[in-house]
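# Sequence first, predicted model second:
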Amino acid sequence: MHRRTFLAGLAGLAVAEPAAAKMKHDMSGMSGHGNTIPLAGTNPVLLEGKPLTALPRLANQSAVPSLFKAELAAEPGFMRFAEGFDTPVLLYNGTNPVIEAREGDKVEISFKNGIPGEPTTIHWHGMPVPADQDGNPGDPVAPGGERIYAFDLPESSAASYWFHPHPHGLTAEQVYRGLAGVFIVKPKDDPIPPEYGDTILMLTDLRIAADGTMPESTMADLMNGRIGDHVLVNGQKNPAMAAALGEKRRFRLYNATNARFLRLRFENVSMTVIGTDGGLIEAPVAVDELLLTPAERVELIVSFDKPGAAKLTTLDYERGWMGPGKPDEAGMVLLTANVSEEAAAAMPPLPAKLRAIEPLGSPVVTRRFVLTESMSGDNDGTSMQGMDHSGMNMPSGSMGMKFLINGASFEMNRIDEVSKAGQVELWEIVNDADMDHPFHVHGTQFQIVEHEKDGKVTAPSYRAWKDTVNVVGGETVRILLRQDLPGPRMYHCHILEHEQLGMMGIVDVKA
Ligand code: C2O
Ligand code: CU
Ligand code: CU
């Protein structure tokens, strides 16, 4: 396999080394992420400070109004992250284009799996699409195979969604190798002034070896989720953008990393949250910083109120790192805006009211999901559950690591919960483990009721539609949700390595 042939890390050791040795040497390079290079000449230096490029758009091939029709192919390709290195990656249509459609549209995507030797799917993360169109692990597209994904975008579904592969046992790897795209559903009437623009910032994580390839995942990656050496914005390291003094811009931030917790600050600007995973909130909320955990999105209005450099940076966050090698998360510069001295033309104000979000109402069913980790040393073979189709992609023997929901590891042919379409439910997600786990449910958007930790209950300060919520170690999060479409839906930790190691279940929604 090509993945077995690269030279990794500092010393150029062949990768067939045992997992433990590999982990050690990968971690020795970990402390040097960000702008510093561990040893001169060993890791490629990433191109930095280039103008921020907009992601390309997927062209609509349909002449029929209200129909978005296009083709997508998942294929091997190359990205130039560093001068002189073409990094082998996987991409949709060679560029991971943005899909932009409108509420009320029909969507028809002809998909081709061009990944040699691997099944894949396209999962429409956060979108209200029918279960059999949602790229479940149970609906793989074989290598070389094709299928059509078709669905309607209902009224009031405008939001910042995304799409990524979801094949059984291969999701984590196909995502870190590059497959992920933005799907924006625009509203019929947008309350945000068009003068603010609409800028996508898609945050991904890259680990790049001395030869420019992406190293395989290590034991530490499986445990904590894979953290790269660089956080990229639209595929670029610390890109630059120009802004005029006083200018307001609309940003959509995506955490499309496998496992990185992004606690973000935007220096020298004022930052206002206007939307979450499932679209606009009711009224703007000013913030100083925000935590964007894997798979979460946020919509912001950024007001460039001071001249000079305005940097989007990371702060430290304690997410319950397991074992040695915790990367230093703070102080990475993700984006630099250069704000002019002279003032921008006056911009229309941000409306005080954005839209109404009706409360979901009283639940008729309560379900409880207890998240646990088990790190038992006994490796009796059962520890590879959920990875059986892809053991070759992971270091062999994961030291009995299991990530469980209600004591069970994911099984493709087991229904864990049976639910009913249209019924409001209270889900209680109990994190009985040390690490944070961002919990995600397919097929719908939910409302967070409260967080409870150490007996202290806190309700969110504003109502919002979410499809992913971080559940801190030792915390319980209660959410209200309603599935409107029938069929099997996945729920899982969106640290993709945890999903792969079992922290996923299926709720079968009956009509
Ligand atoms: Cu982002 Cu199961 O999905
Ligand atoms: Cu999803
Ligand atoms: Cu997790």
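Looks like it arrived, so ask away. Ligands and ions are numbered 1, 2, ... in the order given.

# alpha carbons only for contacts and neighbour counts from here, please
Noted.

# how about the residues of the chain near ligand 3?
Residues of the chain lying near ligand 3 by CA under 5 Å from the ion: His437, Cys493, Ile495, His498.

# which one of those residues has the most neighbours?
Counting neighbours by other CA atoms under 10 Å, the top entry in the residues of the chain next to ligand 3 is Cys493, with 30 neighbours.

# Which strand or helix spans the closest residue to Met271 other than its chain neighbours?
Excluding the flanking residues, the one nearest Met271 by CA to CA, 6 or more residues apart in numbering is Val302, at 4.8 Å. Applying DSSP states H and E as the criterion places Val302 in strand 297-303.

# Give me the helices and strands touching that strand, please.
strand 248-255, strand 270-276 (3 or more CA pairs under 8 Å, 6 or more residues apart in numbering; DSSP states H and E).

# That one: which residues count as buried?
Residues of strand 297-303 classed as buried under the neighbour-count rule (16 or more other CA atoms under 10 Å) are Arg297, Val298, Glu299, Leu300, Ile301, Val302, Ser303.

# what's next to that strand, contact-wise?
160, 196, 246-255, 269-277, 279-280, 292 (CA atoms under 8 Å, 6 or more residues apart in numbering).

# Only the buried subset of the residues you listed, as a PyMOL command please.
Listed next is the PyMOL selection for buried residues among those, using 16+ other CA under 10 Å:
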select buried, resi 160+196+246+247+248+249+250+251+252+253+254+255+269+270+271+272+273+274+275+276+277+279+280+292
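
# Run through the strands of the stretch 201-350 of the chain in chain order.
Using DSSP state E, counting those that start in this stretch, the strands of the stretch 201-350 of the chain run over residues 230-233, 240-245, 248-255, 262-266, 270-276, 279-287, 289-292, 297-303, 308-315, 333-343.

# could I get these as JSON lines with distance to Lys106?
JSON lines is the format used below for those (distance: least, CA to CA, whole Å):
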{"stretch": "strand 230-233", "distance to Lys106": "30"}
{"stretch": "strand 240-245", "distance to Lys106": "35"}
{"stretch": "strand 248-255", "distance to Lys106": "23"}
{"stretch": "strand 262-266", "distance to Lys106": "34"}
{"stretch": "strand 270-276", "distance to Lys106": "23"}
{"stretch": "strand 279-287", "distance to Lys106": "19"}
{"stretch": "strand 289-292", "distance to Lys106": "30"}
{"stretch": "strand 297-303", "distance to Lys106": "24"}
{"stretch": "strand 308-315", "distance to Lys106": "36"}
{"stretch": "strand 333-343", "distance to Lys106": "35"}
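
# Mind checking the ones you listed for the one nearest to Gly473?
strand 289-292 (15.3 Å; CA to CA).

# can you pull the contacts of Val507?
Ile415, Asp416, Glu417, Val418, Ser419, Pro488, Arg489, Met490, Tyr491.

# 10 Å instead, please
414-420, 441-442, 487-491 (CA atoms under 10 Å, 6 or more residues apart in numbering).

# repeat for Met347
Pro193, Pro194, Glu195, Tyr196, Gly246, Glu247, Lys248.

# and if you look at Leu312?
So Leu312 contacts 238, 264-269, 331-337 (CA under 10 Å, 6+ apart).

# Phe439 now?
So Phe439 contacts 293-295, 371, 429, 431, 467-471, 477, 491-495, 499, 503-504 (CA under 10 Å, 6+ apart).

# Just the ones in strands from these, please.
Leu371, Ile429, Asn431, Thr468, Val469, Asn470, Val471, Val477, Tyr491, His492, Cys493, Met504 (DSSP state E).

# Among those, which pair sits farthest apart?
Among the ones in strands among the contacts of Phe439, Val477 and Met504 lie farthest apart (CA to CA), at 16.8 Å.

# the helices in this protein, which residues?
Remark: helices assigned in the chain by DSSP state H are 19-28, 171-176, 219-224, 496-500.

# Lowest average pLDDT across those?
Mean pLDDT per stretch puts helix 19-28 lowest among those, at a mean of 36.

# and the residue of the stretch 1-150 of the chain found nearest ligand 3, what does it touch?
Closest approach of the stretch 1-150 of the chain to ligand 3 (CA to the ion) occurs at His125, with a separation of 17.1 Å. The contact partners of His125, by CA under 10 Å, 6+ apart, come to 134-135, 160-166, 182-183, 277, 295, 440-444, 467-468.
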